[in-house]
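> Next one to model:
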Amino acid sequence: MNLGTKALQVLKTVAPELALAVGGPFGPIAAAAIHAALGTTDDKSAEAALLNATPDQLLALQKARDDFTVRMKQLGIDEEKLSFDDTASARAREVAVKDHTPAILAYGITIGFFAVLGYMMVHGAPATNGGGGEAFLIILGSLGTAWAGVISYYFGSSAGSVQKDKTLADIAKQP
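Next up is the predicted model:
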């Protein structure tokens, strides 16, 4: 399934499991669920529907997400495996094509993050009124987020964190 960035972001917000599955080996199943929920037959109309989704379509997507999750569990597939497979395919691609770009970006992000952090520890944050302080803090936040992604890519992420989020969501749903 081929969706634009904005449409994919909507899908990630409403039905993250479907968004994750779209790019993997279960893409055809996820795409069929998305098309059925939106009442579309092709990717272009699905993208338009996602960008202008009605509340009913959003509910249908959430139901499709739930149905998809149940179907994947019946097949013995879980979300963690989908996420792992996504990362594994990125790593396999990196090895197969001998692409050094991810490593170069990882080093650049790491050096940039700690350089900005070190500068701020030694000199403090620049003044916010015309001194560029806001931009400096935005850069630090962006580099910190990117660095977390680098660490997750090379060392994996915590499956316990996913379970914690699900538990909190379940508690929030209880009356």
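> Next, Leu11: secondary structure please.
helix (DSSP: H, G, I helix; E, B strand; the rest coil).
> and what of Pro126?
Reduced to three states by three-state DSSP, Pro126 is coil.
> from what I can see it touches Gly133, true?
Yes - counting by Cβ atoms under 8 Å, Pro126 does reach Gly133; the two are 4.4 Å apart. In this view, the C-beta of every residue, glycine as well, is placed from N, C-alpha and C.
> Centre of the chain to stretch 24-31, how far?
Between the centre of stretch 24-31 and the centre of its chain there are 16 Å (Cα atoms, centre = their mean, to the nearest Å).
> what mean pLDDT does it have?
Here stretch 24-31 scores 80 as its mean pLDDT.
> list the buried ones in that stretch?
Neighbour-count burial for stretch 24-31 flags Phe26, Ile29, Ala30, Ala31 (criterion: 16 or more other Cβ atoms under 10 Å).
> Can you check what pLDDT the model gives Leu11?
At Leu11, pLDDT is 84.
> How much space separates it from Ala135?
Applying Cβ to Cβ, to the nearest Å, the value for Leu11 to Ala135 is 31 Å.
> what about those two, which has more around it?
Between Leu11 and Ala135, Leu11 has the larger neighbour count (other Cβ atoms under 10 Å), namely 26 against 11.
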